[in-house]
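Student: give the three-dimensional model of this entry:
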Amino acid sequence: MKRAGWLGLVIVGLLSAVAHLPASLLDSRLAAATDGRWRLATAKGTLWQGSGQLMYAGLQGEVLPMSTLAWRWQPAALRSLALQWQIEADGQAGSLQLKARSAQLDNVQLQLPVAALTGFSPKWQSARLGGQLQLNVGHMLLQPGRVDGQAVLAWVAASSPLSRIQPFGSYALDVLGQGEQVQLAMRTLQGPLQIQGQGRYDAGGLQFAGSASSEAAQYEALKPVLLMLGKPSGANSVTWQLN
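Tutor: Numbers count the residues shown, from 1 in each chain. Got it, this is the predicted structure:
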């Protein structure tokens, strides 16, 4: 048999082997990468076509559900030397494309528990923040040292037992990748607690600062949350900074 024939058989054999790899491998890789905090529970099918339930394990042992995922391989992308999957998150269709040195997400939406982010700060943990995080990636191209595209992370129905007003607002973090720098902008969607901020992330790290305020009549009810967010800068406002 000619060399090309042998090579074809080897490629077919490898693809056949990979095609039967179970979807549970995604769960084990995700758990290893996040110290067991993020899991893909009830993973079914294979790496090429399957489904599962994203879960988050909190610091107190609580297990919080996130989006339900389903994926299906799109073989037509091989024409452009890419691997591509159609991704459905809670019924919303999007896509993931992988090339040798890049990953591209389009129209991917995920529901996340606030606890998945509060673990980054002991102060946030003690505030027992509640609500729902909604990640909406319109288009995002990830390459070594570069991020291009846009996404929005919304915090809906934000709450905390520190506040007598429940919920105290909804907010959005706009993310704009511009190559070697990612621009960040936080804004208030609605609610008596107003939060805004501007910043960036690049090779020098994170620089992000802003302010939070309320109407004078609601300040006492929101004061514990405001002081948790930052340092007083006025009669009913605080400033904050992350770096």
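
Student: Gln218 is in contact with Ile165, isn't it?
Tutor: Yes - applying CB atoms under 8 Å as the test, Gln218 and Ile165 come out as touching, 6.6 Å apart. Glycine gets a C-beta too; all of them are placed from N, C-alpha and C.

Student: between those two, what contacts are shared?
Tutor: Both Gln218 and Ile165 are in contact with Pro192, where contact means CB atoms under 8 Å, 6 or more residues apart in numbering.

Student: tell me which element the residue positioned nearest the centre of the chain falls in.
Tutor: Residue closest to the average C-alpha location in the chain (CA atoms, centre = their mean): Leu135, at 5.5 Å. Per DSSP states H and E: Leu135 is located in strand 130-143.

Student: quick one: strands adjacent to that strand?
Tutor: Paired neighbours of strand 130-143 in the sheet (DSSP bridges): strand 102-113 (antiparallel), strand 146-159 (antiparallel).

Student: who wins for proximity to Met228 among the ones you listed?
Tutor: Met228 sits nearest to strand 146-159 of all the strands paired with strand 130-143, at 12.1 Å, using CB to CB.

Student: list the contacts for the residue nearest to the residue nearest to the centre of the chain when sequence neighbours are not counted?
Tutor: Closest residue to Leu135 apart from its sequence neighbours, by CB to CB, 6 or more residues apart in numbering: Leu110 at 4.5 Å. By CB under 8 Å, 6+ apart, Leu110 lies in contact with 54, 66-67, 89, 134-135.

Student: and what of Met186?
Tutor: Met186 is in contact with 171-174, 195-198, 210, counting by CB under 8 Å, 6+ apart.

Student: which among these end up buried?
Tutor: Using 16 or more other CB atoms under 10 Å as the burial test, the contacts of Met186 include 171-173, 195, 197, 210 as buried.

Student: Leu26 is in what secondary structure piece?
Tutor: Using DSSP H and E, Leu26 falls within helix 24-33.

Student: can you give me the strands for this structure?
Tutor: Using DSSP state E, the strands found in the chain span residues 38-45, 49-57, 63-73, 83-89, 92-99, 102-113, 130-143, 146-159, 169-179, 182-190, 194-202, 205-213, 231-234, 237-242.

Student: what's near enough to touch Arg146?
Tutor: By CB under 8 Å, 6+ apart, the residues touching Arg146 are 177, 179-180.

Student: swap in Gly149?
Tutor: Gly149 makes contacts with 105, 137-141, 176-177, as judged by CB under 8 Å, 6+ apart.

Student: could I get those as TSV with neighbour count, pLDDT and distance to Leu21?
Tutor: Formatted as TSV, the contacts of Gly149 follow (neighbours: other CB atoms under 10 Å; pLDDT from 0 to 100; distance: CB to CB, whole Å):
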residue	neighbour count	pLDDT	distance to Leu21
Leu105	18	96	22
Val137	19	96	26
Gly138	15	95	30
His139	14	96	29
Met140	17	97	26
Leu141	16	97	26
Leu176	16	98	36
Gly177	19	97	31
